[in-house]
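Asks: Sequence and predicted structure, then a few things I'm wondering about:
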Amino acid sequence: MFDWHMVLGIASGAVQVYSIVPYIKGILKGATRPSVISWSLWLVLQIIAIAGQISAGASWSLLLLLATTFNVVVILGFCLKGYGYKKYSWIDFVCLFCAIAAIFIWRITNEPTTAILMAVIADFIATIPTIIKTRKEPFSENTFAWFLLVIAASLAAVSTTKFDAANLLWPVYSILVAALITGLAYFGQRLKRE
C-alpha cells in the first residue's frame, strides 16, 4: 500500500540534506558566514527535539530533524574550521544564556512535548544572532538554502501521521523561522543592490 506520509517525510529529509549544498558553496566562496553561537546551540537543541519526538511517538516528520541535525553538524564543522561569523556582541551571550536556561527548564519537567516546546523556544533564542546578522548583513546568509528549509519543513508538517504538538511543533516553527531568515536575506540583498 502506498504511504504518502512516508514519501513526504523522506522528501522532507532529502530536501533538507540538499539545502546544505548551496550553503556550503556560499561558505567556500566567502559570502555565507554562519553564526558559530547559533549553529552550536542548534546542534544541542536538535538532539533534544529528536529525543522528545521519539519519546512522544515520532512520525515521519522526524526525518526533518534528523536531516537538519546532519546539516548542523557539517556547518558547525565549517564554523570551527574558521568559516564562522567572527563578530559577537552582548546579545549573542544573552541568547546563549537564555537557550541554556530553557534546556534546564525542560530537564526539570522531563515531559516530551514540553521538551520540544522548550527546544523551540531555545532554538528561537539561539536564532536571534542569525536574525540580527542577516538583517545587518543580508549577503551573509544563503537565501536559496533557507528557502529549501521552508520547503523541507512544509513537507515534514504534511508528512506527519500524528497530528499532535510533539510531531507538528518543530516543522511549523521551522517553516516560520526559515521564512523569516529567507525574507530578511532576500529583501535585504535586493535593497543593497538598489
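Replies: Structure received.

Asks: Against Ile181, how distant is the nearest residue to Leu62 once chain neighbours are set aside?
Replies: Among residues not flanking Leu62 along the chain, Gln53 sits closest, at 5.4 Å (CB to CB, 6 or more residues apart in numbering). The C-beta positions use only the backbone N, C-alpha and C, and glycine is treated the same way. According to CB to CB, to the nearest Å, Gln53 stands 23 Å off from Ile181.

Asks: By residue count, tell me the biggest helix in this protein.
Replies: The single longest helix within the chain, with elements called by DSSP state H, is helix 165-193.

Asks: Return the residues in contact with the nearest residue to Gln189 once chain neighbours are set aside.
Replies: Distances taken as CB to CB, 6+ apart put Pro138 closest to Gln189, at 4.7 Å, once the chain neighbours are dropped. Pro138 makes contact with 184-189, 191-192, according to CB atoms under 8 Å, 6 or more residues apart in numbering.

Asks: Drop anything exposed from those.
Replies: 184-186, 188-189 (16 or more other CB atoms under 10 Å).

Asks: List the buried residues in the host helix or strand of the residue nearest to Leu62.
Replies: Secondary structure from DSSP states H and E places Gln53 in helix 36-57. Buried residues in helix 36-57, counted by 16+ other CB under 10 Å: 36-42, 44-46, 48-53, 56.

Asks: where do the helices sit along this protein?
Replies: Remark: helices assigned in the chain by DSSP H are 4-18, 20-29, 36-57, 62-78, 90-109, 112-136, 143-159, 165-193.

Asks: No further queries at this time; thank you.
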